[in-house]
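# I would like the atomic coordinates for the input below:
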Amino acid sequence: MLSVICYKFTKNDLGIFLSRLTNKTKLSKNIASLTKTKFEFSYTDSEILHLATKVNIELFLLFSQALHPSVDAEIFLSLKKRAINLGILNSKQEALLKGRDIINLGIKPSKDYADILDKAYTLQIDLILKTREDALLWLKQYLL
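Alright, predicted model coming up:
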């Protein structure tokens with residue numbers, strides 16, 4: 001795994017190394033994200049949801065196991081099971097709200113949409129908004 005080789009690189013050295021190795025931006029971003037994300041031995045569900053917005057959890061676990069071979073494999077397996085149960089092993093959680101939900105409330109499209117949706121998504125992965133109904137209720141209260 002290329003990320004393990006790059007783990008100790010400075011940000012600048014990593015950028016130079018990857019630019020010489022590949023022109024695939026997605027690969028470079030994934031490696032950069034993995035190398036700057038620190039493994040913790042314990043995570044709350046909310047922390048796992050936040051982590052999934054930064055890295056692919058499955059790749060992160062493989063990367064972390066390679067860096068920490070002395071850590072009990074059960075710790076990694078437990079985290080993997082929790083990510084599977086949360087539905088975020090290979091991608092972040094899908095947002096409960098979309099721009100069309102704001103439109104449906106009669107608000108015209110604007111630059112504020114991104115801020116509103118970001119705020120709602122943060123509340124979602126903080127486990128404050130747990131259902132679409134919760135999110136829609138929050139949106140109505142927030143906007144009106």
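# okay, Leu77: pLDDT?
Note for Leu77: predicted pLDDT of 96.
# can you count the residues close to it?
With neighbours defined by other C-beta atoms under 10 Å, the count for Leu77 comes to 12. C-beta coordinates here come from the backbone N, C-alpha and C atoms, glycine included.
# what does Pro69 give?
Neighbours of Pro69 using other C-beta under 10 Å come to 7.
# Next: Ala32.
Neighbour number of Ala32 under other C-beta under 10 Å is 17.
# hang on, it packs against Leu14?
Yes: assessed by C-beta atoms under 8 Å, Ala32 is found in contact with Leu14 at 6.2 Å.
# which residue packs closest to the residue nearest in space to the middle of the chain, ignoring adjacent ones?
Nearest to the geometric centre of the chain sits Thr53, at 1.2 Å (C-alpha atoms, centre = their mean). Of all residues not flanking Thr53 in the chain, Lys92 sits nearest, at 4.7 Å (C-beta to C-beta, 6 or more residues apart in numbering).
# show me the contacts for the one you found.
Leu49, Ala52, Thr53 (C-beta atoms under 8 Å, 6 or more residues apart in numbering).
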